[in-house]
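Peer 1: Mind folding the following:
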Amino acid sequence: MGNLENKSKRQVFLLYIAWIVSLVAMLGSLYFSEIKGYIPCELCWYQRILMYPLTLILGIGTFQNDSSVKRFVLPLAIIGGSISFMHYLEQKIPGFGGIKPCVSGVPCSAQYINWFGFITIPFLALVAFVLIAICMFFIKSKKPIV
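Peer 2: Below you'll find the predicted structure:
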């Protein structure tokens, strides 16, 4: 019985960590746009579209101790991480930005922040998506996948 209880506590802890990461990412993006005045580019909007629902889904899953949210969270985190990675490459590798040029607004290659020479806003989003995905990978499904 103790082993089952430890697994349940671990799953709730992982859900909680993933929820905190998504909450920090959402509030960070709102800080950059609403307080600092940074206008999001098109790829930033796609990342937000994938991150913001994670905060709600993970919050509900955490407070209801429901690890089944993994099946909704994991695809969003993987897709969001892929977009963040592509966005980061567009910022850091010259010549990578020609895949889909921005037609209006802020170019996706713009870097509002560049801490330590490599930390940009898409990098922060990538870290958040990866951390959430890792938490979901370590949550055991209630039903075996056949």
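Peer 1: surely residue 54 meets residue 77?
Peer 2: Yes - counting by CB atoms under 8 Å, residue 77 is a contact partner of residue 54 at 6.8 Å. Where you see a C-beta, it was placed from the backbone N, CA and C, and this is true even at glycine.
Peer 1: does the residue positioned nearest the centre of the chain sit in a helix or strand, and which one?
Peer 2: For the chain, residue 129 is the residue whose C-alpha lies nearest the centre (CA atoms, centre = their mean; 2.9 Å). Assigned by DSSP states H and E, residue 129 belongs to helix 121-137.
Peer 1: got the buried residues for the helix or strand of the chain with the lowest mean pLDDT?
Peer 2: Counting by mean pLDDT, DSSP states H and E, the chain has its least confident helix or strand at helix 2-30, which shows a mean of 87. For helix 2-30, a neighbour-count test (16 or more other CB atoms under 10 Å) marks 11-12, 14-23, 25-26, 29 as buried.
Peer 1: and if you look at stretch 128-138?
Peer 2: For stretch 128-138, by 16+ other CB under 10 Å, it's 128-133, 135-136.
Peer 1: which among those gets closest to residue 86?
Peer 2: residue 129 (12.0 Å; CB to CB).
Peer 1: quick one: residue 42 and residue 108 touch, right?
Peer 2: Yes - look at residue 42 against residue 108 with CB under 8 Å: they come within range, at 6.2 Å.
Peer 1: Quick check on the two: which one has the bigger neighbour count.
Peer 2: residue 108 (20 against 15; other CB atoms under 10 Å).
Peer 1: before we move on, what SS does the more buried one have?
Peer 2: coil (DSSP: H, G, I helix; E, B strand; the rest coil).
Peer 1: any idea of the pLDDT on it?
Peer 2: You'll see residue 108 listed with a pLDDT of 82.
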